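S.K.: Give me a model of this one.
(one chain, ligands or ions: 1)
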Amino acid sequence: MRLDIISIFPEYFAPLDVSLIGKARERGTLDVRVHQLRDWTHDVHKTVDDTPYGGGPGMVMKPEVWGEAIDDVIGEGKPRMIVPTPSGRPFTQELAQELAGEPWLLFACGRYEGIDSRVMAEYGSRLQVDEVSIGDYVLAGGEVAVLVMVEAVGRLLPGVLGNVNSVTDDSFAPGSMQNLVEGPVYTKPPVWRGHEVPGVLLSGHHGNVARWRRDEALRRTVRNRPDLAAALDPATLDKHDRKL
Ligand code: ADE
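M.R.: Numbering: from 1, shown residues only. This is a model prediction of the structure:
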């Protein structure tokens, strides 16, 4: 998969050299190219923003510089374009799965009050463009949101995680535990500072372990994510679930 990221702070993306994503890049599974937006300015100050039409606080990123940058980066190609913004559609595991199936993603990181909307209109007629929010809070710019999305998408690519099951067991992953968050996990030793690992996990009984994991996932979902619990389809709950 090819990823292009355009930003006025390319330094933000240093973490993409590390860990799973860094290894995927070394192996060639991921081809990440980070671009400095200011390279496409023509004035001595390398200006990328201006005051908003209609007034109001803050600055808006200028369309001309974005247009030149995107045209150069994509050439005749047609990547799917992602614009991180708190006003976008929510980033979910489902969207991460969908993006993991794309051959090429282009992330356009806005700063200040955002990018002139005509940029999204212009490329929206040529590419699939999604404005995407990673949550209901406001960051100083799109860079951190792009790091989040690249990590969530990158770990789904074939060969990026050592163990395929770590993806299928995820909270929010499709399957029987879909829409439940993951329950607690334990490793050795069996007793630590007086806290014991639940006996069922040491029993070797796969059926009981699976039942226990589902119960714990359901309990945690009810406690931490009442929104998800309320939205569970009763048809997906068995007799044991309903007792919880
Ligand atoms: N830029 C600023 N806040 C953001 C958010 N919550 N999601 C995506 N991009 C953003």
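
S.K.: What residues sit buried inside the helix ranked longest in the chain?
M.R.: Scanning the chain for the longest helix, with DSSP state H as the assignment, gives helix 206-224. Judged by neighbour count (16 or more other CB atoms under 10 Å), helix 206-224 contains these buried residues: 212-222. In this view, the C-beta of every residue, glycine as well, is placed from N, C-alpha and C.

S.K.: How about stretch 6-21?
M.R.: For stretch 6-21, using 16+ other CB under 10 Å, the buried residues are 6-8, 10, 12-13, 16, 20-21.

S.K.: Give me the contact status of it with the ligand.
M.R.: No - between stretch 6-21 and the ligand, judged by CB under 6 Å from any ligand atom, nothing touches; the nearest distance is 11.8 Å.

S.K.: For that stretch, give me every contacting residue.
M.R.: 5, 22, 25, 30, 32, 34-38, 48, 66, 69-70, 73, 106-109, 111, 141-144, 146-147, 150-151, 154-155, 160-161 (CB atoms under 8 Å, 6 or more residues apart in numbering).

S.K.: Can you name every helix or strand that whichever helix or strand comes after the longest helix of the chain contacts?
M.R.: Sequence-wise, the next helix or strand downstream of helix 206-224 (DSSP states H and E) is helix 226-230. Where contact means 3 or more CB pairs under 8 Å, 6 or more residues apart in numbering; DSSP states H and E, helix 226-230 is packed against helix 206-224.

S.K.: what is the mean pLDDT for the helix it packs on?
M.R.: On average, the pLDDT along helix 206-224 is 97.

S.K.: Much appreciated, bye for now.
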